[in-house]
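# Here is my input; please provide its structure:
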Amino acid sequence: IGPFSGFEFITSIHVLLLVAMAHFQFVFYIFCIIWNESYLSKRLVIHLIWHASLDIR
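So this is what the prediction gives:
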């Protein structure tokens, strides 16, 4: 693939994925902090977690 060998290409994609995931977690964390300011969102989060835990069981 051009100047890249297959391994280098896969490694670069892996690094890009890690960066994207870290960025997503950061944005999600900020999003949660902003949402936790409101009571309604706390109710919603608790509701979602409760349903998720029921699904796990």
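# and the lengthiest helix in the chain, what does it pack onto?
Identified as the longest helix of the chain according to DSSP state H is helix 6-35. Packing contacts for helix 6-35, counted by 3 or more Cβ pairs under 8 Å, 6 or more residues apart in numbering; DSSP states H and E, involve helix 39-56. From N, CA and C alone the C-beta is placed, and that goes for glycine too.
# List the buried residues in the helix it packs on.
Within helix 39-56, not a single residue qualifies as buried, counting by 16 or more other Cβ atoms under 10 Å.
# Summarise which helices and strands that helix is packed against.
Packed next to helix 39-56, using 3+ Cβ pairs under 8 Å, 6+ apart, are helix 6-35.
# Send me the one helix or strand in the chain whose mean pLDDT sits lowest as PDB with only the CA atoms.
Least confident helix or strand of the chain, by mean pLDDT, DSSP states H and E, is helix 39-56 with a mean of 80. Output in PDB follows, covering the C-alpha atoms of helix 39-56 (Å, rounded to 0.1, in the frame of the first residue of the first chain):
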ATOM      1  CA  TYR A  39     -32.000  16.700  38.000                       C
ATOM      2  CA  LEU A  40     -34.000  15.300  35.100                       C
ATOM      3  CA  SER A  41     -30.800  13.900  33.400                       C
ATOM      4  CA  LYS A  42     -29.900  12.200  36.700                       C
ATOM      5  CA  ARG A  43     -33.300  10.500  36.700                       C
ATOM      6  CA  LEU A  44     -32.800   9.500  33.100                       C
ATOM      7  CA  VAL A  45     -29.300   8.100  33.700                       C
ATOM      8  CA  ILE A  46     -30.500   6.100  36.800                       C
ATOM      9  CA  HIS A  47     -33.400   4.800  34.700                       C
ATOM     10  CA  LEU A  48     -31.100   3.700  31.900                       C
ATOM     11  CA  ILE A  49     -28.600   2.100  34.300                       C
ATOM     12  CA  TRP A  50     -31.400   0.300  36.000                       C
ATOM     13  CA  HIS A  51     -32.800  -1.000  32.700                       C
ATOM     14  CA  ALA A  52     -29.200  -2.000  31.600                       C
ATOM     15  CA  SER A  53     -28.700  -3.900  34.800                       C
ATOM     16  CA  LEU A  54     -32.000  -5.800  34.300                       C
ATOM     17  CA  ASP A  55     -30.900  -6.700  30.800                       C
ATOM     18  CA  ILE A  56     -27.600  -8.000  32.100                       C
END
